[in-house]
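Asks: any chance you can model this:
(2 chains)
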Amino acid sequence: MDDMQSQTQVDVVIDESIINIPAHRHREIGTKRSSSPVLARFHAGYFRISLSFCGQALLWKTIAEPTGASFAPRRLLSMFPSKAFALLWSIALFILVTLSLLYILRCFFYFRMVKAEFLHHVGVNYLFAPWISWLLLLQSAPFLAPKTFPYMVLWWVFIIPVVALDVKIYGQWFTKGKRFLSTVANPTSQLSVIGNLVGARAAAEMGWKESAMCMFSLGMAHYLVLFVTLYQRFSGSDRLPAMLRPVFFLFFAAPSMASLAWDSISGNFDTPSKMLFFLSLFLFTSLIFRPTLFKKSMKRFNVAWWAYSFPLTSLALASSEYAEEVNGEIAHGLMLVLSSLSVLVSLALTAFTALHTSMLLPDNDPIFLSAPNNLQSSASKGK
Amino acid sequence: MVEQCCKWVDMEDNKCQNLLKQDSPEELPSLLKYIESKTVSGFDDIEECGSLNQQLQSTARTTPTSDPVCALAKRQEDASQATNSERLHSVSISMPSSPLGNDLESNRKVLLMDNDEMDVSRKNPNFRDTPVDVSSKQPKQAKFHSQPIPVAVGIAYVDAVCSTGKASGPSEGQLRNSRIDEFKDKSFDSFKTWSGRLERQLSHLRGKQCDPEPEVNTTQNSEIEVLSVDRYFDALEGPELDTLKDSEGLVLPEDKQWPFLLRYPISAFGMCLGVSSQAILWKTLATSTSTSFLHINLSVNLVLWCISIGLTALILLIYSLKFILYFEAVRREYYHPIRVNFFFAPWIAFLFLALGAPPSLAKNLHAALWYILMSPIFCLELKIYGQWMSGGQRRLSKVANPSNHLAIVGNFVGALLGASMGLKEGPIFFFSVGLAHYIVLFVTLYQRLPTNETLPKELHPVFFLFVAAPSVASMAWANIQGSFDYGSRVAYFIALFLYVSLAVRANFFKGFRFSLAWWAYTFPMTGASIATIRYSSVVKNPVTQSLSVILSAISTLTVTALLITTILHAFVFRDLFPNDIAIAITTKRPKKSKKQFHLSSGNSDAKDIEASLKSAGSDGEGTEVSLRSISVDKK
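Replies: Down below sits the predicted model:
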């Protein structure tokens, strides 16, 4: 790790020196002259944006489904026009494709940076984010029914990287000397669990119960370990920079996705799903009542703010399934509140991003994820 | 030693005088001479001081300054050895257990309080104490008795004495007394609600005369700070974190008995838990099919239930008084890493009362009651679990201790009650939250992380709390699911295993000081018995039935033994409510340079002081030089 750090540091120097030289860079990236090109500043954390949009697409697909609810506002929501939903889905697809292309290009040109991301305790978890987004998009596709052949193929295409990453990362947790779970655990580690759970849900939709159970149990076993470790906060709060506090919302994203996955696997929203949903609700309430935790990160706009959106969406999804099952007024009311909250937050974040586009790709990303900057800053801080 | 002390005091005559001249204009020669003639015979003598006492009570004194002198000479016993004898020797110096803990000002206050307590005939309207513990036996066993007073502290005492004990006339005596009152009040003011302002309001409302505003407000305000959890770990030790470490001091006087409310800990609610769980046990014994062969009458349950209602009401009332009048003390208990868990105890006790209600009453319980009972638990656990998850200094790896089970078990008890009342979603909510956090806590406690500072190294009755959560969870799950299915059985067997593994180590549970919190550790045993009875009604055979009878007998016997011990401590030993040291720690660690003043052995120290004083000059500066040399010596 130290070698890699020093190597990458050296790399940065070299890279920066050749930035102004090659003209072909402009053709590929299309940026103005800045201290480092977009690709160098882009990192997997930007997939939070695609996560949010794909999550929103799935939420609206679920809400717009015809429902047997007696609650009037709920029935109103199910009349959400399919054209609007198709538009939303297309926007999500477009964003995801753009981000994926950018990242592929980054892999080609700045592979060392990608590698450094992989070795970082926060960055590695965001390598799951593209696959989660693709799986969510697949599940919410308006034209692709679950039991069709293209769906299955695409599922395989997206699930294999997830499993490969699982094997690598989970194995590292308890075998690799420098990357034990107790040292690297942080709230973003729950993204790996979410990846498994989303894959399980997609498989269950296809009717593949065994694969679904396999992914589910894999995710839940590691979620158990991770939950305990994160709650213990063994290494204190210094593993996560203050700017990344929004990722605490992932604490309640994981149980809600688990609740949804179990709901798909078992066919109805029974007691384990309810329990997971309630846990997620409790953690959400607990975080909502701690605004000071997030104060520091709210001072400057940065892409980490997008971390607020996806967990809220998954909680809203779980609550909609819960309301379907229980069919009480409180449940429906809760679902409405959570859904509107998630939509509002996503819209607000979109507005913020549109207003602060210049800040979206900061030169020196304060939150790490541009590996060399972080390594420089971490070296200077003497971590 | 006594003689040395007197000699020292005598020797210090001139020096003291000089030093005092710097501090205050009063003169002392008569004071010290009085010591010389009187001290030897009356130094440790209560009667002597008692006679001095009586002298004090009449204000027409020719040498009224003698009382402070006597105070200089006498020591008061450690306040925790409470007896019921009269207050005869209130003339004494309250030497702090570690003199570094208290600054000179608080020493002064202490001294003056002692002077006030001498005045037994005067009824002080603001005097809130029960008759302070005073021992009539020779306080030779007392830790701080008859030790040479370090020069600086001694001089401060004398100074304090001088400033109040100047006059000989009755009016001045009364003035002194009222000032003494004032100072006495102020010592506990930092713990009173709004620094005593509420209390003054109340006494004003009652028509009594208001005391003037406290002058020492600023120093006391500094005590009203947020205590970080590290301070508790640094200052306290022991399995319940209630024993003061040697190097620490308190903000309240240690050798006085504090007001009753200040000594009343939140762990008193453990008694409610213990008794009300017994009510549930006897109800289950009477109504369960598997124990019907015992022919237990439901009246036992009724009696126990009424007793527990009364007890809970009483304890709640007293604690509410403490909450209203001594809010600062409640706050400090809340910041204590172990006591905070006991804040769940009142609500769990209410839940137990609802669970243990006689069957005729239990039918009519309204569902709204459940929501009302669970909302305080919900709010508390939002706060506490959130702290575990995100709080830097109160994260779980640091503060995890077996008492945290009290914070978890409330969820399961609430789920049990809700499910037995017929609710569906709410019980599942609390069950899932409790289960998730129980898993975290269980793993953390089993790990015994090296960063964990609160786990007792040896076995302690608090470990019985391990049995609480799985046994109640098994019953709650059985009620939620409608039958004692596999989930319940898994949880029950875990509880049984933990119980057995603790019971076979029963001989390790020795040598611990009894405290009220022990009551809280009995309800897990009762819970395990109730779960066994539930299990035996499903799996009915002689083994399970006998097991349920045995466990019930053990739990009842334990509660009875505990009751006897409590009564003993309450009425015979009179130390059921010792000074609650855990809430009175200082906010800052006492400075290391004062460590030398901690005199643990009398003689050698006296000689040292004497020698250094002899070597010093005869002027005031010399005294200061000797002070410094003493500090050098002690290093």
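Asks: check residue 310 and give its pLDDT.
Replies: By default, I'm working from chain A. Note for residue A:310: predicted pLDDT of 95.
Asks: nope, chain B please
Replies: Here the pLDDT value assigned to residue B:310 is 95.
Asks: from residue B:278, how far out is it?
Replies: 14 Å (C-beta to C-beta, to the nearest Å). The C-beta positions use only the backbone N, C-alpha and C, and glycine is treated the same way.
Asks: which one's more surrounded, the two?
Replies: Counted by other C-beta atoms under 10 Å in any protein chain shown, residue B:310 and residue B:278 do not tie: residue B:278 has more neighbours, with 28 against 11.
Asks: which elements pack onto the host helix or strand of that one?
Replies: Take DSSP states H and E as the rule and residue B:278 turns out to sit in helix B:269-287. Packing partners of helix B:269-287 (3 or more C-beta pairs under 8 Å, 6 or more residues apart in numbering or on different chains; DSSP states H and E): helix B:298-325, helix B:345-355, helix B:523-538, helix B:542-567.
Asks: now chain A against chain B: closest residue?
Replies: Nearest residue of chain A to chain B: residue A:275, at 3.5 Å (C-beta to the nearest C-beta).
Asks: that residue: what's it in contact with?
Replies: Neighbouring residues of residue A:275 by C-beta atoms under 8 Å, 6 or more residues apart in numbering or on different chains: B:428, B:431-432, B:435.
Asks: for residue B:403, find the nearest of the helices and strands packed on helix B:269-287.
Replies: helix B:345-355 (10.0 Å; C-beta to C-beta).
Asks: now do residue B:281 against chain A, distance only.
Replies: Applying C-beta to the nearest C-beta, to the nearest Å, the value for residue B:281 to chain A is 29 Å.
Asks: low-scoring stretches of the chain, by residue?
Replies: Unless you meant another one, I'm taking chain A. A:1-35, A:176-178, A:234-239, A:363-383 (pLDDT under 70).
Asks: wait, I meant chain B there
Replies: Ranges of chain B meeting pLDDT under 70: B:1-187, B:189, B:193-199, B:207-226, B:391, B:450-459, B:508-511, B:591-635.
Asks: name the residues of it found near chain A, please.
Replies: B:382, B:385-386, B:388-390, B:392, B:395-397, B:400, B:425, B:428-429, B:431-433, B:435-437, B:439-440, B:443-444, B:449, B:451, B:480-481 (C-beta under 8 Å from any C-beta of the partner chain).
Asks: which among those residues count as buried?
Replies: Applying 16 or more other C-beta atoms under 10 Å in any protein chain shown to these, the neighbour count classes B:382, B:385-386, B:388-390, B:395-397, B:400, B:428-429, B:431-433, B:435-437, B:440, B:443-444, B:449, B:480 as buried.
Asks: what number of residues lie near residue B:493?
Replies: With other C-beta under 10 Å as criterion, residue B:493 counts 13.
Asks: equivalent analysis for residue A:129, please.
Replies: By other C-beta under 10 Å, neighbour count at residue A:129 equals 24.
Asks: other SSEs contacting the helix or strand encompassing it?
Replies: Applying DSSP H and E as the criterion places residue A:129 in helix A:129-139. Applying 3+ C-beta pairs under 8 Å, 6+ apart, one finds that helix A:129-139 makes contact with helix A:47-63, helix A:82-109, helix A:149-175, helix A:190-206.
Asks: dump the residue contacts of whatever residue of the stretch 401-550 of chain B ends up closest to chain A.
Replies: Using C-beta to the nearest C-beta, the single residue of the stretch 401-550 of chain B nearest to chain A is residue B:432, 3.5 Å away. Contact partners of residue B:432, counting by C-beta under 8 Å, 6+ apart, are A:274-276, A:278-279, A:282.
Asks: for it, which non-adjacent residue is closest in space?
Replies: residue A:275 (3.5 Å; C-beta to C-beta, 6 or more residues apart in numbering or on different chains).
Asks: ok, now residue A:219?
Replies: residue A:196 (3.1 Å).
Asks: tally of neighbours for that neighbour?
Replies: 31.
Asks: looks like it contacts residue A:165 (just checking).
Replies: No. Judged on C-beta atoms under 8 Å, residue A:196 makes no contact with residue A:165 at a distance of 10.0 Å.
Asks: in the stretch 151-300 of chain A, which spans are helices?
Replies: Secondary structure of the stretch 151-300 of chain A (DSSP state H, counting those that start in this stretch): helices located at A:181-184, A:190-206, A:209-232, A:250-266, A:271-288, A:292-295.
Asks: how about the last one, does it reach chain B?
Replies: Yes. Helix A:292-295 lies in contact with chain B when judged by C-beta under 8 Å from any C-beta; the contacting residues are residue A:293.
Asks: can you mark which positions in that helix are buried?
Replies: A:293-294.
Asks: repeat that for the first one.
Replies: Residues of helix A:181-184 classed as buried by neighbour count (16+ other C-beta under 10 Å): A:181, A:184.
Asks: packing partners of that helix?
Replies: Checking 3+ C-beta pairs under 8 Å, 6+ apart, helix A:181-184 ends up next to helix A:149-175, helix A:209-232.
Asks: tell me the most buried of those helices?
Replies: Each of these was scored by mean neighbour count; the highest is helix A:209-232, a mean of 20, by mean count of other C-beta atoms under 10 Å in any protein chain shown.
Asks: who are the packing partners of that one?
Replies: Using 3+ C-beta pairs under 8 Å, 6+ apart: helix A:209-232 touches helix A:149-175, helix A:181-184, helix A:190-206, helix A:250-266, helix B:367-390, helix B:396-399, helix B:425-447.
Asks: will you turn the ones you listed into TSV that also has distance to residue B:330?
Replies: Compiled in TSV, the helices and strands packed on helix A:209-232 are given as follows (distance: least, C-beta to C-beta, whole Å):
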stretch	distance to residue B:330
helix A:149-175	43
helix A:181-184	37
helix A:190-206	37
helix A:250-266	31
helix B:367-390	14
helix B:396-399	19
helix B:425-447	25
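Asks: between those, which one is closest to residue A:289.
Replies: Here helix B:367-390 is closest among the helices and strands packed on helix A:209-232 (C-beta to C-beta), at 5.9 Å.
Asks: so the closest one versus helix B:425-447, what angle?
Replies: Counting by axes from the mean of the first three to the mean of the last three C-alpha atoms, to 10 degrees, helix B:367-390 lies at 30 degrees to helix B:425-447.
Asks: quick one: contacts for residue B:422?
Replies: For residue B:422, the contacting residues are residue B:367, by C-beta under 8 Å, 6+ apart.
Asks: that one in helix, strand or coil?
Replies: coil (DSSP: H, G, I helix; E, B strand; the rest coil).
Asks: about what we covered before: buried ones among the contacts of residue B:432?
Replies: Burial by neighbour count, judged by 16+ other C-beta under 10 Å, picks out A:274-276, A:278-279, A:282 from the contacts of residue B:432.
Asks: between the residues you listed, which is nearest residue A:150?
Replies: Once C-beta to C-beta is applied, the member of the buried ones among the contacts of residue B:432 that ends up nearest residue A:150 is residue A:276, at 30.7 Å.
Asks: just checking, the closest one touches residue A:252?
Replies: No. Counting by C-beta under 8 Å, residue A:276 sits too far from residue A:252 to count as a contact (10.2 Å).
Asks: quick one on the thing from earlier: ok, residues contacting the helix holding residue A:129?
Replies: A:44-45, A:47-48, A:50-51, A:53-55, A:57-58, A:61, A:89, A:92-93, A:96, A:99-100, A:103, A:144, A:146, A:151, A:154-155, A:158-159, A:161-162, A:165, A:191, A:194-195, A:198-199, A:201-202, A:205.
Asks: ok, back up a step: which one of the helices and strands packed on helix A:129-139 lies closest to residue B:570?
Replies: Going by C-beta to C-beta, the one of those nearest residue B:570 is helix A:190-206, 51.7 Å.
Asks: what angle do the closest one and helix A:250-266 make?
Replies: Per the same axes, to 10 degrees, the angle that helix A:190-206 makes with helix A:250-266 is 20 degrees.
Asks: related to what we said a few turns ago, out of the helices and strands packed on helix B:269-287, which is the most enclosed?
Replies: Of those, helix B:523-538 is the most buried (mean count of other C-beta under 10 Å), at a mean of 26.
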